[in-house]
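Undergrad: Pasting the sequence and the predicted model now:
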Amino acid sequence: MVVDEKVNSTKRPKRWSNPYIDKLSTLPSIILGSDDRELSAEDLKTLQARCVSAPALIVELGCGSGAHLIERALQKPEHLHVGIELRFKRVVRTAEKAAESGVKNLLVLRTSSDFISDLFSAESISTLYINFPDPWHKRRWRKHRMLSEESLARLHALLQPGGQISFKTDHREYFEEVVSAAHAAGLFSIDAVSLNLHGSELVSANVLTEFERLFLSQRLPIHLLQLRKNP
């Protein structure tokens, strides 16, 4: 018996491909990175050159779709602003919005924040923003949290003398854990701490993020912690 292969063959579904991967190369003056989690040697060289030539380096870990990063870059056009983001769509959208805004002092690194110590030199960052990182709220997940006493020590080494960390979250337990870790580390002085940023005087200098707008619409309090590297 002859089997008709066309009739009996089953079509395999096409493997889904993220369309934003191909868009990473469309804005090479803003985006560094590829579909690999780590930056290439060429990208690292470009990053280093931009950092060395800038009078100050501002870094945001998990910059999302770029609203906060772009606004900060517009406020201080003389400083280099670098956002680190792993998700392809968010990287591309940040770069597109930066280009639309005419921002020239901004880079987006498509990589993981876990590699920050490999990306920047010791005592090179003047301000580090960490806005609404995943709280990993279940107890067994907490080891994945971005901020801990150990990670604060690593970030401390990257900050310039007097450099600052600004941390915002809507998660009360996570916030209190970070405040305790900062005290335990003994490496920072606390410039500001608030359990209700938008009900305090500190809000005058605040720049909203996408998540922050969402949480405010849900009437959730925003917590702020600002740390400064001890001499």
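TA: Yes, it's here.

Undergrad: Now for the chain, the helix or strand with the poorest mean pLDDT.
TA: In the chain, the helix or strand scored least confidently by mean pLDDT, DSSP states H and E is helix 5-8, which has a mean of 51.

Undergrad: Just to check, E210 is in contact with A67?
TA: Yes. Between E210 and A67 there is a contact at 5.3 Å, judged by CB atoms under 8 Å. Every C-beta, even on glycine, is put in place using the N, C-alpha and C of the backbone.

Undergrad: These two - which one has more neighbours?
TA: The neighbour comparison of E210 against A67 (other CB atoms under 10 Å) goes to A67, with 20 against 14.

Undergrad: show me what contacts that one?
TA: K97, L208, T209, E210 (CB atoms under 8 Å, 6 or more residues apart in numbering).

Undergrad: and with 6 Å instead?
TA: Listed by CB atoms under 6 Å, 6 or more residues apart in numbering, the contact partners of A67 are T209, E210.

Undergrad: Also N196?
TA: So N196 contacts P221 (CB under 6 Å, 6+ apart).

Undergrad: give me that answer again for 8 Å
TA: P221, I222, H223.

Undergrad: Flag the shaky bits of this protein, pLDDT-wise.
TA: 1-14 (pLDDT under 70).

Undergrad: quick one: the helices in it?
TA: Assigned by DSSP state H, the chain shows helices spanning 5-8, 19-23, 41-53, 67-75, 88-101, 116-119, 149-158, 172-185, 210-217.

Undergrad: about what we covered before: closest to R145 out of the contacts of N196?
TA: Nearest to R145, judged by CB to CB, of the contacts of N196 is H223 at 14.6 Å.

Undergrad: Burial check on the closest residue to V203 other than its chain neighbours, number of neighbours?
TA: Spatial nearest neighbour of V203, excluding adjacent residues (CB to CB, 6 or more residues apart in numbering): L197 at 5.7 Å. The local packing of L197 (other CB under 10 Å) involves 19 other residues.

Undergrad: correct me, but L197 touches N206?
TA: Yes. Taking CB under 8 Å as the definition, L197 is a contact partner of N206 at 6.3 Å.

Undergrad: Report the set of residues contacting both of these two.
TA: Here L197 and N206 have L224 as joint contacts, going by CB under 8 Å, 6+ apart.

Undergrad: Check which helices and strands the longest strand along the chain sits against.
TA: In the chain, with assignment by DSSP state E, the single longest strand is strand 159-169. Using 3 or more CB pairs under 8 Å, 6 or more residues apart in numbering; DSSP states H and E, the elements in contact with strand 159-169 are strand 125-131, helix 172-185, strand 223-229.

Undergrad: any idea of the angle the last one forms with helix 149-158?
TA: Angular relation of strand 223-229 and helix 149-158 on a 0 to 180 degree scale: 50 degrees, by axes from the mean of the first three to the mean of the last three CA atoms, to 10 degrees.

Undergrad: go on, the first one?
TA: Strand 125-131 and helix 149-158 are oriented at 150 degrees to each other (the same axes, to 10 degrees).
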